[in-house]
Every structure is written in C-alpha cells, then in structure tokens.
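K.L.:
Give me coordinates for this.
(chains A, B and C)
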Amino acid sequence: MTSADKPTMIEFKDVHKYYGDYHALRGINGKIRAGEFFSLLGPSGCGKTTLLRTIAGFEDISSGAVLIDGKSMANVPANVRPTNMVFQSYAIFPHMSVAENVGFGLRRDPRSKAEKAKAVEEALEMVGLKGYGARAAHALSGGQRQRVALARALILKPKVLLLDEPLSALDKKMREHMQVELIKLQRQVGITFILVTHDQEEALVMSDRIAVMFEGEIAQLADPETLYRRPNSKKVADFIGTMNFIPCEIVSEAGEHVTVDAKGLGRVDLDIGQAPPARGEAPVVGLRPETLTLLYPGQTATERATEGVIDEVIYFGDMTYYDVYLGGTDVEVRLSMRNVPGRPVLDVGTKVQVAWSPSALVLFR
Amino acid sequence: MAQSSSSEAKAGWLLVSPPAIYAVLLLAAPLATVLVYSVLTGEKGAVSLPFTLENYQELFTKPIYRVLMGRSLMISFLVTLATVLLAYPIAYYVSFYVKPSKKALWLFLITIPFWTSYIIRVSLWRTILGYDGIVDSVVMGLGLSDTQLNILSNGVASIIITLAHAYAPFAVLPIFVSLEKVDRSLLEAGQDLGESRWMTFLRVTLPLSLPGVIAAVLIVFIPTVGDYVTPELIGGGKTPMIANLMETQMLKQRDQAMGSAIAVAAMTIVAVISLIFVLLNRRFLGARK
Amino acid sequence: MKRGFGLKSYALLYLLFLYAPILILPLFAFNAGTVVSFPLKGFTTQWFGEMWADQNLRQALGRSLIIAFSTATISTILGIFAARASVRYRFPGKGPVFGLILLPMVLPDIVVAMALLVVLLSLGVTLSIGTIIMGHVLLCMPFAVAILTSAFQSLDKSLEEAALDLGETPWSTFRLIILPLVMPGIIASFLICFTISIDEFVVANFLGSGKPVLSVYIFGQFRFPAKVPAMLALGTILVAFSVCLLAIAEYFRRRGIAKTGGKDSGGFL
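P.N.:
Residues are numbered from 1 along each chain as shown, chains lettered A, B, ... in the order given. As a prediction, the model looks like this:
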C-alpha cells in the first residue's frame, strides 16, 4: 500500500483560518498524494472539518494557499473544484428519487439522456444499490443514504473525494462493514480519498496516511503504523490507542543512544529513533499494553522482565486486561493478554513476571 | 458559499435590504413622525412649532382622557384575565388527556374560528347579545326572564365577551406549547414523592407552564388595548377605547399632535406593561434555576 | 377512564362557545325571518340571492381580492429575502433590523394605520387601493417572515453545499434545491397573508379612499338591521372559504413534512 512515490494531489502551504478572533487553523502545511486514502484525525473542534471544507471550497482561508493538483484554489468556487464531498448528514435531496440524486451533478453534462441513465445505473451498482434508482430518497435507511451520497459524488469522477465523518451516523456493525467497503471502493476507483474522523480506530483501519490534528495544527502526519508505534508526542500517543506512561530520568545521551532510568523498569538503552524531538516536558517512557506480556509458569523472557503484582483484572472475552504494579513501585501499567486455551485468567494480587522489550519503548521529554 | 465575516455581513445586508428598506420607509419613518408630532401643537389638520409637552400634560390631567384610558386598560385586563383563565384548562386537557395522534386535530378545531372573518365574528355578537337578539330570544323562550336582558346595552360587558371570544385561540396555543414541554416523568416523580395529583399540578405543572401563560397574557393584552373594531361595533361608539380616541383626535378633531400623543402614550403603556410581564417571567424562572 | 371527564366536558363547552357565532351564521343565513332571533321562521335562500345581486358588495370584494393578492405576493417575496438573511447570514445590526420588521406584530393596528396616514397625508399622497396594500404588507410581513424563517431553518445547510459541490451555481442551487424544499412554506405564507389582508379592517378603513373593501363594507352593513341576513349569507360563504383555504394550507404543510421525511410535530402554526 505504499504510495510514497506518487505525485502530490493536495498541498497546504501555511494555511490559516480565523473566525473573528478564533484561530481555527494555525499554519497547516502538508501534502496529500494522488490516489491515497488520507485521514484527518482529531478530537472535535481541532479544525479537521474546517480543513476539509477549505479543500471543497466551502470555507475560504485567511492566509496561505491550498493547491489541488498543482493549481491554487484561491478564488475558485466550490462548484468548479475537482473535488466532491460526502457530507456527514449525507445531504440527500429529499424531494428527488435515488436516481435523480445520483445523477444530479450530470445536469450540465453534454451526454445523452440514455448515457446519463446508464452512468447513474453503473454508479448505483458500484455502491451496491443496483435497481434502487426509482426509490424516493427519504425512504432509505442510513446505510443506503450513505451509498447514494457516495455514488452521487463518484459519478462526477472527481480527482479527490472528501468524506466528512461519513460513518458516524451508523451503528457499530454497519460502520465496520462500511469501513471495509470504502477501502475496496477506493482501490477500485483509485482516486484520492480524504476522510475526516474523530475515531482513531477507523483512521488506523482505513488510511494509507493520517494527519493527527489538535487545536488547529497538525501534530503528526504519518502512516498508521508509525503513528501507533512511534508517536511523536505524548498527546498523539494518548489519542491513538492506549499507552502506559512511566516516569523516567535521562541518564545519558550520546550520538544514536539515549539511556534512561524508568521507574519500575530500571535502566534501558534506547535508539535515538525511539526518542522524538524534545518538547521540554517531564520525561516519560511510553509502552503499549500489548507490548507487555505476563509470563506463565515455565515461560522465560526473551529480552527483559520485571516483577509485578496484579491490581485489577478486566475480562473482555477474547482479551483480558491486567493492571499491574511494577517492581514494588506505585507505577501501574495496563497490559493485554489474548485469552488462548491453557492460559488461565489470573486473580487480583497474584505476583507475576512481566516481559517487555526495550525496542517497544518511546521516550517523550 | 465561502465567506469571510465581512463579505458575509455584506451579503446578509444586501439580502435583508428590501424588507428592511420597506420597514424603515413605511414603519420607522411614520413612527418617528408621530413621535415628533406628539410634541408639537396641532390645529385643523396641521402641526406647528414650538416643541411642547402640552399634549401629554392634557392627556394625563384632563378627566375625559384619564377616564377613557383607565377604562380602556381595565377592559383589556379583564379580557386578558378571562381569556387566559378560560384557555388554561383547554390547553391542559389537550396536552395531558388527548391522545398524541388527535392533538393536531384539537388544535386545528380551536384555531379554525380565528381564521374566519374578524368583522363578521364581532358583528355576530351584536345580533347575539342585542335587544331581542339570540340570547334574549333563548332566555325568554325558556321562560328564564320576562324582559329582554339586552346585554349589548352594557358596553363594557359586551366588549369583554366579544374580545374574550375573539382572542381565545391566541391564549390556548402558547399555554399548550409550554405544557407540552413539561417532562412527564417530573409529574410521576412528584406523585412518587407522595404529592397528590392536585399538589403536583400546583408545585410542578403550573410553574413550568408559566412562560406559556405569560406569552398568552401578552398575546391577548397587546392587541386588545389597540382594538378599534369591537368598541365601535359592539359598544356602538358609546364605550370608546384608546384606538377610537386616537381616531377621533386624528380625523374628527383634526388634531394630529394630540392624536400622535395618544398613539405614543398607548405604545408606551403597552411596552411598559409587556416589559413588566417579561421581567416577572424571567425573574421567576431565574429564581427556580 | 373517569379521569379527565370534567375537563373533557369543559373542553366541549369551550368549543361550543368558540363555534357559537359560526354555527349561528348558516342557521340564520337560511332563515326566512328578517330579525335574527329565535324561533326560526323557515328555510330560504333569499339572502344569498340578495347578497349576490348587491353590486356594491361585488365591487368591494373585487377590491379586496386585488389587495389581498398583491399583499400576499409582496409580503411573501419580502419575507423570503428576510428569512434567508435571518437563517444563513450573521451581520451587525441584525437584531434591530428584524426587530423593526417584526414590530407590527406587537403594535396595535390603529397605530400603524394612523402613523402611515399622517405621513401619507403630509406628503399629499391620494388614498387608494395602493395605500391599503402598503399598510397590509407592513402588517403581513412579520407573519411571512416567521413562517418562512421556520421553513428555511428546517433546511439542512449541507443540501445547498452538496448542490454547489456537484457543480451548480448559487443561483441554480437556489432554484433546484432551496426553492422546491421551502415551497410549502411559501404557499403557507401566501395563504396566511391573503387571509389576513382580506380580513383586515383598520388599515383598509383609514388608508382607503371612499370606495370600501369587503371588510369595511361588511362593517357598514351590520349597522342596518335589514341588511344583516344578507351579511350572514356572505359570512357563511366566507367561513366555508376560509376552512377550505386552511385545509389546503394544512395539506401543503403535511406534504412538506412528508417530502423531507420529517415527523409531524403538531398542528397548524
């Protein structure tokens, strides 16, 4: 799924947006590549929807530039931009049939009526709504509306498809189903998809690359794996998945190596790649729950192990989460164990050995 | 659709300008004129300088004006009181006892009379209440009375009946809306906590519906103060109210300055009383929060 | 269910009170007696014939229809401007502007009529049907704005954005998306302004020339007992007409709700 060699489709150059005194976008820079599935991820109010709407042309920017396919979009109104959007509310025209909705953008298309009807039918087939054309739009279910919105946007063969929280109105099962469908659809049509979401899991599942946004700025722009394993700040680490933060002291730093003394874990040598640029915060090391393993009798650690006491057990069916005090300290970490046969769920108070690998650590300072 | 705030303001003003210009030219300007006229001296259809407060002085000291304004306000108060008191049980009934599917029908039934000609409705009360009219013929036909009651001859009473009838739907709707907003689980909670049905009504439902009652009071009071038709048709001109006085001064006495002063005074009285009710409402709600 | 029985009886009595004059209308419109009083004297359609033959009445009706049609059209168009501005745009001075536009709702009609009259007379404008329309638009515009604002408000903003996004210009978006979706509101606004204008008396009386409109004519006729039965006949027709108009307005309101897939949340207004 690597797309690093693909040309740039969208470029932000120091984009600022003010609403009166409110600074909604604070210097956005970045490039989105052609044909990639890109996500804007962040909590509500972080500016991700605003940024998406600057691409569509629904918001103008206070300063900076938005380029689509190398062309500046300054003074280019929404109706002539090579982008189409799937709205959070889907914005299905309630007074039209499904086919009229899907074919809405073809009004100025010089093709014959029959050709247009064929295009509509093909678009409906693509989103799995073959034969629904004559239905009234307001009689559709949430999932069907979303498909109509997709077909309506894709029929115009835009260079970029913009999706504003398209799955947030669906229930969990339907959402997971549509995530997979959207990925398949994106591969099928091959155009750039830009998704706005506040759901980190959704972003990780669907995207080639993700921009994590906080308070009008992009905090990190990377592929899902890098974001998950090498977040560049405590804030990003905390927003994406769960991470244990353990206070530490920096013992030495020379060249490619940083040595820290983490409470409960002891001295650890880290590669400089595990230590994103310093921000002047109190140093902590971060560890994902699944990088910690409980050792059952007869097992030994391949790298490092630390003693601990189980403080809390949270049973999830396929998984069990344990909160464990490390090495007689007040440092508590959460770890997750897959519930496989022959691996009993342990009780609170059990003394355990926790295995971990120094390479899974990230240092925030 | 992309707009920075200054171009949004421009577009907004551009769009609102046709109705706004209309309102400025045909409403704001005339009202301002009336305001200026009210502090001039009027004579034979013309007004002249200098500025003077004589009109207002006369309005508040001359018994003829004071009596008429007092009676006029009194009638409006009584009409409002009667209308709201009569309307509350209906609103309560429709909100709490009528099935949701039939509520729209009830509201429709209550509003239909409002949409039929005001002049005809008011005029009909003349024939209903008048000498040997329908009330008299029914009462005498049933042997309840030997002589004609001729309610119409009592100007105040017949004006109150007519106006209370004319403004009834206006009072029902806002009260109904506020009752609909009352969370039904609050009432169950009230009874669950050992209150009787009646006490629950007094301590929960009634206070929560007060905004609707206040709205009803204003909606009835404001137009009745300025009602022209009813005193003219029902009172037969013998029980004039503020609107009729205004007309007399403006058109019959041709004293536009005095007429203007009455108009300003009427608007001020209505505004002050409305403000008192709005503040009462806010204060009351504020105290409950 | 015994609960609410007392209330229900009261409600029925109340409805009887509300409808008393309207029930009396047809009863005496078809009554052979000249005096509006019990007992009834027998069936006749004489009053309808008398009303129909009344040349002055027809002329008054004609004037009223011209005024009501013009008023409803102008008020609704101005209302569309105001409602659109109110729902979609923020601008300084918005509050005071809308305060002024909606002011006639709380202003006694007589004040509006007199203020306009004073200015028109001082400008030397001759009173006519046109001056009545001026006043009626002032009175009707607040209702048009209120109805249309709620119609525009129920419109999802992203529908407009979607149309723009799909290549339509702001104007074609208005024509293809906004106008059809607010059409029920436009029709309701027109019908209500029309009804208010037909019914209005004070402005029509003071801002009109010597030639009366319908409401002014009725007002005058009720002073002559001999003319009352014919007026009752006219009233019967007007009531039937209003009920029909209301039913049509209600039909469009419901269709508007069904069209946009919403839920019916109550009655008219």
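K.L.:
For residue A:353, identify the helix or strand it belongs to.
P.N.:
strand A:351-356 (DSSP states H and E).
K.L.:
partners of that strand in the sheet?
P.N.:
strand A:293-295 (antiparallel), strand A:304-315 (antiparallel) (DSSP bridges).
K.L.:
where's the closest residue to residue C:7 other than its chain neighbours, which helix or strand?
P.N.:
Leaving aside its sequence neighbours, residue C:7 sits nearest to residue B:93 (CB to CB, 6 or more residues apart in numbering or on different chains; 4.3 Å). In this view, the C-beta of every residue, glycine as well, is placed from N, C-alpha and C. Secondary structure from DSSP H and E places residue B:93 in helix B:63-96.
K.L.:
How about residue B:188?
P.N.:
Using DSSP H and E, residue B:188 falls in helix B:184-192.
K.L.:
model confidence over that helix, on average?
P.N.:
Taken as a whole, helix B:184-192 has a mean pLDDT of 75.
K.L.:
residues in contact with residue 106?
P.N.:
You didn't say which chain, so I picked chain A. A:116, A:119, A:120, A:155, A:156 (CB atoms under 8 Å, 6 or more residues apart in numbering or on different chains).
K.L.:
please go with chain C instead
P.N.:
Per CB under 8 Å, 6+ apart, neighbours of residue C:106: B:218, B:222, B:270, B:274.
K.L.:
Same question for residue A:70.
P.N.:
residue A:8.
K.L.:
any low-confidence regions in the stretch 1-150 of chain B?
P.N.:
Scanning the stretch 1-150 of chain B with the threshold set as pLDDT under 70 gives B:1-5, B:45.
K.L.:
What's the separation between residue C:209 and chain A?
P.N.:
45 Å (CB to the nearest CB, to the nearest Å).
K.L.:
Backbone dihedrals for residue A:259, please?
P.N.:
phi -110, psi 130 (degrees, to the nearest 10).
K.L.:
Count the neighbours of it for me.
P.N.:
Applying other CB atoms under 10 Å in any protein chain shown, we find 14 residues neighbouring residue A:259.
K.L.:
Wait, it touches residue A:270, no?
P.N.:
Yes: counting by CB atoms under 8 Å, residue A:259 does reach residue A:270; the two are 7.3 Å apart.
K.L.:
So which of the contacts of residue A:106 is the closest to chain B?
P.N.:
Distance ranking of the contacts of residue A:106 against chain B, using CB to the nearest CB, places residue A:156 first at 18.4 Å.
K.L.:
Who are the contact partners of that closest one?
P.N.:
A:84, A:105, A:106, C:166, C:167.
K.L.:
repeat that with 10 Å
P.N.:
A:82, A:83, A:84, A:104, A:105, A:106, A:109, A:119, A:123, C:165, C:166, C:167 (CB atoms under 10 Å, 6 or more residues apart in numbering or on different chains).
K.L.:
any idea which element it lies in?
P.N.:
Residue A:156 belongs to no helix or strand, assigned by DSSP H and E.
K.L.:
what's the pLDDT at it?
P.N.:
90.
K.L.:
try residue C:253
P.N.:
pLDDT at residue C:253 comes out at 66.
K.L.:
on that earlier part again, okay, angle between the helix holding residue B:93 and helix B:184-192 too, please.
P.N.:
90 degrees (axes from the mean of the first three to the mean of the last three CA atoms, to 10 degrees).
K.L.:
for helix B:63-96, the distance to its chain's centre please.
P.N.:
8 Å (CA atoms, centre = their mean, to the nearest Å).
K.L.:
picking up where we left off before, quick check: buried residues in the helix holding residue B:188?
P.N.:
B:187, B:190 (16 or more other CB atoms under 10 Å in any protein chain shown).
K.L.:
quick one: is it near chain C?
P.N.:
No: applying CB under 10 Å from any CB of the partner chain, one finds helix B:184-192 separated from chain C by no less than 13.0 Å.
K.L.:
tell me which residues of the next helix or strand after that helix are tucked away?
P.N.:
Counting by DSSP H and E, the next helix or strand C-terminal to helix B:184-192 is helix B:197-200. Buried residues in helix B:197-200, counted by 16+ other CB under 10 Å: residue B:200.
K.L.:
Kindly report the same for stretch A:107-119.
P.N.:
For stretch A:107-119, by 16+ other CB under 10 Å, it's A:116, A:119.
K.L.:
Any chance you could list what contacts that stretch?
P.N.:
A:79, A:99, A:102-103, A:106, A:133, A:155-157, C:163, C:166-169, C:172, C:176.
K.L.:
now those residues: which count as buried?
P.N.:
A:79, A:99, A:102-103, A:106, A:133, A:155-156, C:163, C:166-168, C:176.
K.L.:
picking up where we left off before, I'd like the average pLDDT over the strand holding residue A:353.
P.N.:
91.
K.L.:
ok, now stretch A:20-39?
P.N.:
91.
K.L.:
How about stretch C:208-226?
P.N.:
85.
K.L.:
can you check stretch B:256-276 too?
P.N.:
Rounded mean pLDDT across stretch B:256-276 is 86.
K.L.:
Flag every buried residue along that stretch.
P.N.:
Buried residues in stretch B:256-276 (16+ other CB under 10 Å): B:256-267, B:269-270, B:273-274.
K.L.:
Ramachandran angles for residue 240?
P.N.:
With no chain named, the answer covers chain A. According to degrees, to the nearest 10, residue A:240 has phi -100, psi 110.
K.L.:
think we crossed wires, I meant chain B
P.N.:
The phi/psi pair for residue B:240 (degrees, to the nearest 10) is phi -70, psi 150.
K.L.:
Which residues are in contact with it?
P.N.:
With CB under 10 Å, 6+ apart, residue B:240 has these contacts: B:68, B:71, B:72, B:155, B:228, B:231, B:232, B:246, B:247, B:248.
K.L.:
from memory the fourth one sits against residue B:239, does it?
P.N.:
This means residue B:155. Yes: Residue B:155 is in contact with residue B:239 according to CB atoms under 10 Å; the separation is 3.1 Å.
K.L.:
shared neighbours, residue A:259 and residue A:270?
P.N.:
A:250, A:253.
K.L.:
so which residue of chain B comes closest to chain C?
P.N.:
For chain B, CB to the nearest CB, closest residue to chain C: residue B:226, 2.0 Å.
K.L.:
Tell me, how many residues neighbour that residue?
P.N.:
Residue B:226 has 25 nearby residues by other CB under 10 Å.
K.L.:
Next, give phi and psi for it.
P.N.:
phi -100, psi 10.
K.L.:
pLDDT score for it?
P.N.:
At residue B:226, the pLDDT recorded in the model is 83.
K.L.:
quick one: contacts for it?
P.N.:
Here residue B:226 is in contact with B:72, B:76, B:241-243, B:246, B:263, B:266-267, B:270, C:106-113, C:202 (CB under 10 Å, 6+ apart).
K.L.:
Just the ones of the residues you listed in helices?
P.N.:
B:72, B:76, B:242-243, B:246, B:263, B:266-267, B:270, C:109-113, C:202 (DSSP state H).
K.L.:
gap between stretch A:310-329 and the chain center?
P.N.:
27 Å.
K.L.:
Show me which positions of it end up buried.
P.N.:
Quick answer for stretch A:310-329 (16+ other CB under 10 Å): A:310, A:313, A:320, A:322, A:323, A:324, A:325, A:326.
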